[in-house]
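Q: This is the structure alone, sequence omitted:
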């Protein structure tokens, strides 16, 4: 308690404030909730470090100058009280000296909140309104990509493969909300054959709002999993929201991941939707799937047509998305040679089942993953890969709402089933539930609970040895307890 109090006056305190503003994307509400929940500011930046962008540097300077001015004012009042007998000077001076960390922690949020409400929000509404006309009048295929997980990966797959024979553009990185769509619309030339638009749902009604503005002609639903349950409350509500895309796109042009357990009830209810999986897609049969550290290879057959495909993506779960990309390429007129070349160009995306070698070991970086289906895929891959020693590393999942305990117990059982030699958990509120799941799954080998995530990841090379396979899944930002 005493250490936490003194952390308010540490030189690292200002860095912690700006770091958390950055982690909450400069939103006043989440930032203030984090602030009042935190008891020791010296332990804030122990998962990541501050990205010293221009706004971050400006905020650091503003906060430091403001605090120095308040300290100077407090010292001046104390001096005037001492030398000039200023009534109440010592009380006001002491109050200024003691309160400056809390005052400036909140002062910085006022311009953020007012700026968003008075300036940014109206400007964004105007940009979004203008973008609707651009999307509606665009002559190309407008393909929306929605789901609880795998959206960015699917978008990049389609972009890589379809670009072999068509002019294709896509929303950049994981920029997937309305204002991002509006900014993307301004870059369109009007002669694109295919426009890929990623939808990043986070609250009820998001998918319908995005669809009304972007006017999609086709859609891919990558799957449903517990995510953003702080807003959706239940996974069923999230699933209903995701599947509202079918209200805006012809059912025979909505492609749904049939391997997603939570999506299957909607496929049964709406048989006109188009399923895809590692077994079949759009009349193509998939077979001869082989997976190793170099990637995945498989065949696709449809009547007399046959494709033998290779990708550097890792994991058998990649067969379904890759096959969908190939099948859509065929639907859109690409030749078999173009399809094979496009699939061959696909490679792991940053922090998404991205393999690299370290100290003679294979490390699979899946830290961008944030859902139970990704955990299912990652643990299955870990089990399938050969290794002298297998290590599984995770902090758990965020935004699981009321299903938090249930999801993390399932996660523990999935980890246990992959039979790693060691499990490394980053200590936080989910750790006990994961351990319960590990025990329920019969796991009896070593469990390490790490209190210094940043130190662990920074010194990973000292923890592993040649012949190891390390699966690292998910990340946990410091605004979560």
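A: Nice, thanks for sending it over. Being a predicted model, the structure only gives us computed values, none of them experimental. Numbering: from 1, shown residues only.

Q: check contacts around residue 200.
A: The contact partners of residue 200, taken as C-beta atoms under 8 Å, 6 or more residues apart in numbering, are 151, 174, 176-177, 206. (Each C-beta comes from the backbone N, C-alpha and C, glycine too.)

Q: repeat that with 6 Å
A: With contact taken as C-beta atoms under 6 Å, 6 or more residues apart in numbering, residue 200 is in contact with 176-177.

Q: in a helix, that's where it is, yeah?
A: No: looking at residue 200 with DSSP: H, G, I helix; E, B strand; the rest coil, it is coil, so not inside a helix.

Q: Could you check how far it is from residue 395?
A: 22 Å (C-beta to C-beta, to the nearest Å).

Q: Next: residue 366.
A: Plainly put, residue 366 is 12 Å away from residue 395 if you go by C-beta to C-beta.

Q: now swap in residue 446 and tell me
A: Relative to residue 395, residue 446 is positioned 18 Å away (criterion: C-beta to C-beta).

Q: for the stretch 151-300 of the chain, which spans come out with low pLDDT?
A: 227-230 (pLDDT under 70).

Q: tally of neighbours for residue 146?
A: Around residue 146 sit 29 other residues, with neighbours defined as other C-beta atoms under 10 Å.

Q: Which residue is the nearest non-sequential neighbour of it?
A: Ranked by C-beta to C-beta, 6 or more residues apart in numbering and with sequence neighbours excluded, the top spatial neighbour of residue 146 is residue 199, at 4.5 Å.

Q: picking up where we left off before, higher neighbour count, residue 366 and residue 395?
A: A direct count of neighbours by other C-beta under 10 Å for residue 366 and residue 395 places residue 366 higher, at 27 against 24.

Q: Which parts of the stretch 101-250 of the chain are strands?
A: Under the criterion DSSP state E, counting those that start in this stretch, the stretch 101-250 of the chain carries strands at the ranges 141-146, 168-170, 194-198, 218-221.

Q: Show me where the stretch 351-481 of the chain has its strands.
A: According to DSSP E, counting those that start in this stretch, the strands that the stretch 351-481 of the chain contains are 354-358, 361-366, 389-394, 422-426, 446-450, 468-473.

Q: Output those in TSV, with distance to residue 11 appended to each entry.
A: Formatted as TSV, the entries for the strands of the stretch 351-481 of the chain read as follows, by distance: least, C-beta to C-beta, whole Å:
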stretch	distance to residue 11
strand 354-358	33
strand 361-366	33
strand 389-394	31
strand 422-426	26
strand 446-450	26
strand 468-473	32
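
Q: And those: which comes nearest residue 37?
A: Taking C-beta to C-beta, strand 422-426 is the member of those nearest to residue 37, at 18.3 Å.

Q: could you give the mean pLDDT of that closest one?
A: pLDDT averaged over strand 422-426 equals 93, rounded to a whole number.

Q: Which other helices and strands does that strand contact?
A: Under the contact definition 3 or more C-beta pairs under 6 Å, 6 or more residues apart in numbering; DSSP states H and E, strand 422-426 sits against strand 389-394, strand 446-450.

Q: go again using 7 Å as the cut-off
A: Taking 3 or more C-beta pairs under 7 Å, 6 or more residues apart in numbering; DSSP states H and E as contact, the helices and strands that strand 422-426 lies on are strand 389-394, helix 431-440, strand 446-450.

Q: Which of these has the highest mean neighbour count?
A: strand 389-394 (a mean of 23; mean count of other C-beta atoms under 10 Å).

Q: Which one of the strands of the stretch 351-481 of the chain lies nearest to residue 185?
A: Residue 185 sits nearest to strand 354-358 of all the strands of the stretch 351-481 of the chain, at 30.3 Å, using C-beta to C-beta.

Q: That closest one to strand 361-366, inter-axis angle?
A: Per axes from the mean of the first three to the mean of the last three C-alpha atoms, to 10 degrees, the angle that strand 354-358 makes with strand 361-366 is 150 degrees.

Q: Partner strands of strand 354-358, with direction?
A: As defined by DSSP bridges, the strand partners of strand 354-358 come to strand 361-366 (antiparallel).

Q: How far off centre is the partner strand?
A: Remark: strand 361-366 is offset 18 Å from the chain centroid, using C-alpha atoms, centre = their mean, to the nearest Å.

Q: got the contact list for that strand?
A: Residues external to strand 361-366 that are found in contact with it (C-beta atoms under 7 Å, 6 or more residues apart in numbering): 293, 314, 351-356, 374, 378, 464-473.

Q: Tell me who's in contact with residue 341.
A: Listed by C-beta under 7 Å, 6+ apart, the contact set of residue 341 reads residue 164.

Q: Next: residue 396.
A: Contact criterion C-beta under 7 Å, 6+ apart gives 408, 428, 430-431, 434, 474, 476 as the residues in contact with residue 396.

Q: just curious, which of these is nearest to residue 305?
A: The closest of those to residue 305 turns out to be residue 474 (C-beta to C-beta; 39.2 Å).

Q: if I pick that closest one, what's in contact with it?
A: Taking C-beta under 7 Å, 6+ apart as the criterion, residue 474 is in contact with 367, 369-370, 394-397.

Q: same deal with residue 194?
A: Shown here is residue 194, whose contacts under the criterion C-beta under 7 Å, 6+ apart are 140-141, 143, 162, 166, 168.

Q: okay but residue 348 is in contact with residue 312, surely?
A: Yes: with contacts counted by C-beta atoms under 7 Å, residue 348 reaches residue 312, the gap being 6.5 Å.

Q: More neighbours: those two, which one.
A: Here residue 348 and residue 312 are set side by side on neighbour count (other C-beta under 10 Å), and the busier one is residue 348, at 21 against 16.

Q: Look up the closest residue to that one, ignoring the ones flanking it.
A: Nearest-residue entry for residue 348: residue 354, 4.2 Å, with adjacent residues in sequence omitted and distances by C-beta to C-beta, 6+ apart.

Q: Please tell me how far that neighbour sits from residue 334.
A: In this structure, residue 354 and residue 334 are 27 Å apart, going by C-beta to C-beta.

Q: Those two: who's more crowded?
A: Here residue 354 and residue 334 are set side by side on neighbour count (other C-beta under 10 Å), and the busier one is residue 334, at 21 against 18.

Q: For residue 271, see how far away the closest residue in space to the more buried one that isn't next to it in sequence is.
A: Closest residue to residue 334 in three dimensions, ignoring its sequence neighbours and counting by C-beta to C-beta, 6+ apart: residue 165, at 4.0 Å. Going from residue 165 to residue 271 by C-beta to C-beta gives 31 Å.

Q: Which of these two has more residues huddled nearby?
A: residue 165 (18 against 8).

Q: any idea how far the more buried one lies from residue 282?
A: Plainly put, residue 165 is 17 Å away from residue 282 if you go by C-beta to C-beta.

Q: Distance-wise, check the closest residue in space to residue 450 that isn't next to it in sequence relative to residue 272.
A: Beyond its immediate neighbours in the sequence, the residue positioned closest to residue 450 (C-beta to C-beta, 6+ apart) is residue 456, lying 4.9 Å away. When distances are taken as C-beta to C-beta, residue 456 and residue 272 turn out to be 49 Å apart.

Q: again, but for residue 62
A: As judged by C-beta to C-beta, residue 62 and residue 272 stand 56 Å apart.

Q: which of the two has more neighbours?
A: Using other C-beta under 10 Å as the criterion, residue 62 and residue 272 rank with residue 62 on top: 16 against 10.

Q: what's the burial count for the nearest residue in space to that one that is not next to it in sequence?
A: Distances taken as C-beta to C-beta, 6+ apart put residue 108 closest to residue 62, at 7.2 Å, once the chain neighbours are dropped. For residue 108, the number of neighbouring residues by other C-beta under 10 Å comes to 19.
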